[in-house]
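Enquirer: with the sequence up front, the predicted model follows.
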Amino acid sequence: MKFPTLSALLAACMLSSAAIADDAADFDAALAERYRAVEAAIEARDGARWFRELYDDDIVLAGEGSPAAVRGREALMPVIAEIVRTTRSCTLTPDPARGQSGALGYSFVTYDCAPDDASAPRYQVRALFVWARKAPGWRVVAETYLMGRM
């Protein structure tokens, strides 16, 4: 009598593990898609597209050198506009440290950027993103950043 119960428990654990693995793979694929969309938006110098592809309207962002947190689309758009004006391209490289549970997740990424001025050196920005699954898909709801590589 105990074996059917044990078998059912093991089967449930295996199904649960498979579902978790599927969620992780879906999360990884969604983030890779977001990162490529941001790279394309920066190269196109389209700040509105960058915001739409990556951020939630209620984003909260803080990092190195910022005197206060930037809150919301209206506050972040001038920052993004200046970056796309002065940056030719960026490559986003994810760090393997990331996780997701339900509708929330986190990831680390390094932006490696080429300034518009070819005589200026490349620069890197490390970011920690907090993601939420929203109606349009995964979007960053909070970010913190530092200059330099991971």
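Expert: Right, received. Where do you want to start? Numbers count the residues shown, from 1 in each chain.

Enquirer: switch to C-alpha atoms for all contacts and neighbour counts from now on
Expert: Fine.

Enquirer: low-confidence ranges, this structure, go.
Expert: Across the chain, residues meeting the criterion (pLDDT under 70) sit at 1-22, 150.

Enquirer: all the strands of it, residue numbers only.
Expert: 55-63, 70-71, 87-101, 104-115, 123-134, 137-147 (DSSP state E).

Enquirer: next, the buried residues of the longest one.
Expert: Residues of strand 87-101 classed as buried under the neighbour-count rule (16 or more other CA atoms under 10 Å) are 87-94, 98, 100.

Enquirer: between which two of the residues you listed is the distance greatest?
Expert: Pairwise distances across those peak at 31.9 Å for Arg88 and Gln100 (criterion: CA to CA).

Enquirer: tell me, how many residues neighbour Ala127?
Expert: 22 (other CA atoms under 10 Å).

Enquirer: show me what the residue nearest to the spatial centre of the chain is bridged to.
Expert: Centroid check for the chain by CA atoms, centre = their mean gives Phe129 as the closest residue, at 5.0 Å. Beta bridges link Phe129 to Ser107, Glu143, judged by DSSP bridges.

Enquirer: can you pull the contacts of it?
Expert: 106-109, 140-144 (CA atoms under 8 Å, 6 or more residues apart in numbering).

Enquirer: need the max-distance pair from those.
Expert: Most distant of the contacts of Phe129, by CA to CA, are Val109 and Val141, 15.0 Å apart.

Enquirer: of the strands of the chain, which is nearest Val79?
Expert: Taking the strands of the chain one by one with CA to CA, strand 70-71 is closest: 9.4 Å.

Enquirer: off-centre distance for the closest one?
Expert: 17 Å (CA atoms, centre = their mean, to the nearest Å).

Enquirer: show me what contacts Ala62?
Expert: Taking CA under 8 Å, 6+ apart as the test, what Ala62 contacts is 68-70, 143-145.

Enquirer: how about Arg45?
Expert: So Arg45 contacts 84-85, 88 (CA under 8 Å, 6+ apart).

Enquirer: okay, stretch 82-94 in PDB with CA atoms only?
Expert: C-alpha atoms of stretch 82-94 as PDB (Å, rounded to 0.1, in the frame of the first residue of the first chain):
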ATOM      1  CA  GLU A  82      21.200  61.100 -24.000                       C
ATOM      2  CA  ILE A  83      22.600  57.600 -24.100                       C
ATOM      3  CA  VAL A  84      21.300  56.800 -27.500                       C
ATOM      4  CA  ARG A  85      22.400  60.300 -28.800                       C
ATOM      5  CA  THR A  86      26.000  59.600 -27.700                       C
ATOM      6  CA  THR A  87      26.300  55.900 -28.100                       C
ATOM      7  CA  ARG A  88      26.800  54.000 -31.400                       C
ATOM      8  CA  SER A  89      26.100  50.500 -30.100                       C
ATOM      9  CA  CYS A  90      26.000  48.300 -27.100                       C
ATOM     10  CA  THR A  91      26.300  44.500 -26.600                       C
ATOM     11  CA  LEU A  92      24.500  43.100 -23.600                       C
ATOM     12  CA  THR A  93      26.200  40.100 -22.100                       C
ATOM     13  CA  PRO A  94      24.200  38.200 -19.400                       C
END
